[in-house]
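Colleague: Just to be clear, the model below is a prediction. Sequence and coordinates:
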Amino acid sequence: MAEAVTEAIEQRTHLVVEAGTGTGKTFAYLIPVLLSGAKVLVSTGTRNLQDQLFHRDLPMLCGLVGRPVRIAVLKGRSNYLCRHRLSLEVAAPPLPGFERGRQRALGRIVRWSESTETGDIAEVDSIADNDPIWPAVTSTRDNCLGQDCPEFRRCHVLLARREAQAADVVVVNHHLLLADMALREEGFGELLPGAQAVILDEAHQFPEVAAQFFGTRFGSRAALGLVRDAELEVTRAGLLDGAARAQLAEIETAVSAISLALSGLGDRIEWGRLPDAVLEAAEELALGLETIAERYDDPAIEVPAVRQCGRRAFEAAGRLRGLLTLDESTGLQWVDNAARYFSFEFIPFEVADRLRLQTQERPCAWVHTSATLAVGDNFGHYVQRVGADNARTLQIASPFNYADQARLYLPPDMPDPADRAFNRALIEAAMPLLRAAGGRAFLLFTSHRALSEAAYLLREAMQGDDPFPLLVQGDMPRDALVKRFREIGHAVLLGTSSFWEGVDVRGPALSIVVIDKLPFASPDDPLLKARLEGLRRAGRNGFAEHQIPQAVLTLKQGVGRLIRDPTDFGVVMIGDPRLRSRSYGRTFLKSLPAMPVTTKVEEATAFLRHHLDGLIE
């Protein structure tokens, strides 16, 4: 793999590599990158991997190759403290119902802001990533004041970008890379113009991120956030009068009218089913935003923060009007509708053409790598989705000895996955394995409903006995659950999609992975609907060309949780009988690591007892 990456960087070509678990793919692309002397962007799917590369892997390898290389990490602006917005938040009156917890978190951030050098909010591990305080003290492209900001010279985002511009290797994420691609289309890209190579790690996530990124959204939270920011800034500038209050109130009234018209219509509403009242209120909202834009995006106003609110209103009105007038032949439109917010959404049917154009216009190397990119030995599904039709492909199997280290157990006589008795049958089939191993299992589900029912059934099956602790997704944050799982050493963890990938548990603490069903995406998923509609319009078979390949790649990720180390061992149990009853089941089985398959529970439990001998009382 390192030789192939070296060749791609030298010749500025495209390479797609599936590297199985344990191949050392991170080192296989980082060492050629460090030796190349080229300006390289390394893009990951998650911030966790960004931090691992920047803080651990790259510094270690720089020392080993004996070559000074300047490295930097760059995240989206929402990951950096905005000093200006922090000062606004400190000065703002507390929101009703949030005073105590919000003020406590704000106090921690203020103390941290006095000592941090990077402003990276990941440094504040005492406040959860999804805490509502973070959007209030970080910036967006919409509300950033740029050079007009009073804190411009001390801006953490600006400092991080300067570091990235001067570095040889910059670690970014897929969202940021795609944002730079979009800016480059407008002539303002900051990262890509100087890059001689782009490495996409966790590349299996890239098509989904791209599909969402090249879409359009307008949400009520953003509209109400604009109203709050505008009211604060206008008040500070001494410009808040009765007319201004009325105009801002009109936006809130229109948002409320849309919410009321959407109530009772469900969580996700197709655009064609929207009642006229929603569209009429949306038109009023667009007019209200345009009024705010006209009032405050005025060169005569001397306060930059007020003018910026006007520009935000102008851009928000443009997005909303664009959504109200989109051509249905280009993509899928719908409304996400929750108890306290709504958002108008659009995603294009196809992003491959845009990605192809982006990569063709840059004479640099593009390397895509992940443990799951091929269906069997075929890369066609992935390369078509990212427009990398002429890329060289390379498949490197895991070095682990699955024949000795693992077994695939397919329980016989399982009901159809749609049968109401399926979850009970799944737990009954899994219990002998759990008892044989004394726990030590991940139970991975394709839906939250199935997870909840399985947790109830599992407790029922233990009949008051508690031979192994149960950890259930939702009881605590994901990372905390995984940490607790490792510490206990013989727990059973139940999780859905977020546990199918990016979770690394080595050793006997994880000896069983149970997967309930083949992970076909929900038919209501907008990304799936858009992709299938695009294929249908092109006269192609969406089930064969998209749904099956995507489910195969997801299943490979789930199965990949089991063997993470040369000394690991265990049993994968898949409860879905379609693996053997449907013709496409062979496609799934061929794509999994080559481990012996059994339908006999006695063989699976004997395998576990043999390897866990001495560890179970």
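Modeller: Thanks, I have it. Computed from a predicted structure; not experimentally measured. Residues are numbered from 1 along each chain as shown.
Colleague: Show me the contact partners of stretch 81-92.
Modeller: 106, 109-110, 113, 116, 119, 121, 133, 136-139, 143-145, 149-151, 154-157, 229, 232-233, 236, 305 (C-beta atoms under 8 Å, 6 or more residues apart in numbering). The C-beta positions use only the backbone N, C-alpha and C, and glycine is treated the same way.
Colleague: Could you find the closest non-adjacent residue to A203?
Modeller: H368 (3.9 Å; C-beta to C-beta, 6 or more residues apart in numbering).
Colleague: How about G45?
Modeller: E202 (3.3 Å).
Colleague: Ramachandran angles for that neighbour?
Modeller: Backbone torsions for E202, taken as degrees, to the nearest 10, come to phi 50, psi 40.
Colleague: For the stretch 101-250 of the chain, just list every one of the strands.
Modeller: Applying DSSP state E, counting those that start in this stretch to the stretch 101-250 of the chain gives strands spanning 169-173, 197-200, 216-219.
Colleague: what's the most buried one of these?
Modeller: strand 169-173 (a mean of 25; mean count of other C-beta atoms under 10 Å).
Colleague: who does it pair up with?
Modeller: Under the criterion DSSP bridges, strand 169-173 sits next to strand 40-44 (parallel), strand 71-73 (parallel) in its sheet.
Colleague: Now for P596: which residues touch it?
Modeller: By C-beta under 8 Å, 6+ apart, the neighbours of P596 are 403, 406-408.
Colleague: repeat that with 7 Å
Modeller: Residues near P596 by C-beta atoms under 7 Å, 6 or more residues apart in numbering: 403, 407.
Colleague: hang on, the earlier thing: just the buried ones from the contacts of stretch 81-92?
Modeller: Among the contacts of stretch 81-92, those classed as buried by 16 or more other C-beta atoms under 10 Å are 106, 109, 113, 116, 119, 121, 133, 136-139, 143-145, 149, 155-157, 229, 232-233, 305.
Colleague: Endpoints of stretch 110-118, how far apart?
Modeller: 14 Å (C-alpha to C-alpha, to the nearest Å).
Colleague: what is the mean pLDDT for that stretch?
Modeller: Confidence over stretch 110-118 (mean pLDDT, whole number) is 93.
Colleague: quick one on the thing from earlier: can you get me a residue count around the residue nearest to G45?
Modeller: By the criterion of other C-beta atoms under 10 Å, E202 has 21 neighbours.
Colleague: The residue lying closest to T291 once chain neighbours are set aside: how many residues sit nearby?
Modeller: Nearest non-adjacent residue to T291, counting by C-beta to C-beta, 6+ apart: Q247, 5.4 Å away. Neighbour count for Q247, taken as other C-beta under 10 Å: 19.
Colleague: Check G575 too.
Modeller: Per other C-beta under 10 Å, the neighbour tally for G575 reads 24.
Colleague: bridging residues for the residue lying closest to A195 once chain neighbours are set aside?
Modeller: The shortest distance from A195 to any non-neighbouring residue, by C-beta to C-beta, 6+ apart, is to L41 (4.9 Å). With DSSP bridges as the criterion, L41 is bridged to V170, V198.
Colleague: can I assume R67 is in contact with L34?
Modeller: Yes - under the criterion of C-beta atoms under 7 Å, R67 makes contact with L34 at 6.2 Å.
Colleague: between those two, which one's more packed in?
Modeller: Shown here are R67 and L34; by other C-beta under 10 Å, L34 has more neighbours (22 against 12).
Colleague: quick one, what contacts that one?
Modeller: Contacts for L34 (C-beta under 7 Å, 6+ apart) come out as 61-62, 65, 67, 69.
Colleague: Can you pick out the ones from the residues you listed that are in helices?
Modeller: Using DSSP state H, the subset of the contacts of L34 located in helices is 61-62, 65.
Colleague: Buried ones among the contacts of L34?
Modeller: Buried among the contacts of L34 by 16+ other C-beta under 10 Å: 61-62, 69.
Colleague: just curious, which of those is nearest to V255?
Modeller: Comparing the buried ones among the contacts of L34 against V255 with C-beta to C-beta picks out V69 as the nearest, at 49.7 Å.
Colleague: so who does that closest one touch?
Modeller: V69 makes contact with 34, 62, 168-169, according to C-beta under 7 Å, 6+ apart.
Colleague: Likewise for L592?
Modeller: L592 touches 408, 556, 559, counting by C-beta under 7 Å, 6+ apart.
Colleague: And what about the first one, helix, strand or coil?
Modeller: Pointing back at L408 there. On the three-state scheme (DSSP: H, G, I helix; E, B strand; the rest coil), L408 is labelled strand.
Colleague: Tell me how many other residues crowd it.
Modeller: By the criterion of other C-beta under 10 Å, L408 has 22 neighbours.
Colleague: Show me what it bridges to in the sheet.
Modeller: Under DSSP bridges, the beta-bridge partners of L408 are V572, V597.
Colleague: any idea how far it lies from A28?
Modeller: Relative to A28, L408 is positioned 28 Å away (C-beta to C-beta, to the nearest Å).
Colleague: Over to the last one?
Modeller: Relative to A28, V559 is positioned 22 Å away (criterion: C-beta to C-beta).
Colleague: Going by how many neighbours each has, rank the two and give me the top one.
Modeller: A side-by-side neighbour count of V559 and A28, using other C-beta under 10 Å, places V559 first with 25 against 19.
Colleague: is it true that the more buried one touches V571?
Modeller: No - with contacts counted by C-beta under 7 Å, V559 stays clear of V571, the gap being 11.0 Å.
Colleague: Tell me how this structure divides into domains.
Modeller: Residue ranges for the domains of the chain, per automatic domain parsing: 2-70+167-214+352-396, 78-154, 216-348, 402-611.
Colleague: neighbours around P59, how many?
Modeller: 13.
Colleague: Name all residues that make contact with R217.
Modeller: Contacts of R217 by C-beta under 7 Å, 6+ apart are 343-345.
Colleague: re earlier: would you mind putting the strands of the stretch 101-250 of the chain into TSV with distance to I548 and mean pLDDT alongside?
Modeller: Formatted as TSV, the strands of the stretch 101-250 of the chain follow (distance: least, C-beta to C-beta, whole Å; pLDDT from 0 to 100):
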stretch	distance to I548	mean pLDDT
strand 169-173	28	94
strand 197-200	23	96
strand 216-219	29	92
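Colleague: Serialize these to CSV and add fields for distance to A437.
Modeller: Output for the strands of the stretch 101-250 of the chain, formatted as CSV (distance: least, C-beta to C-beta, whole Å):
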stretch, distance to A437
strand 169-173, 36
strand 197-200, 37
strand 216-219, 45
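Colleague: Relative to G376, which of the ones you listed is closest?
Modeller: Nearest of the strands of the stretch 101-250 of the chain (C-beta to C-beta): strand 197-200, 21.7 Å.
Colleague: pLDDT (mean, whole number) over stretch 374-390?
Modeller: Across stretch 374-390, pLDDT averages out at 93.
Colleague: for that stretch, how far is the first residue from the last?
Modeller: This stretch, stretch 374-390, spans 16 Å end to end (C-alpha to C-alpha).
Colleague: Not counting sequence-adjacent ones, nearest residue to E151?
Modeller: Distances taken as C-beta to C-beta, 6+ apart place R83 nearest to E151, at 4.0 Å, with adjacent residues excluded.
Colleague: in terms of contact, does the residue nearest to G45 touch T44 like I think?
Modeller: Yes - judged on C-beta under 7 Å, E202 makes contact with T44 at a distance of 5.6 Å.
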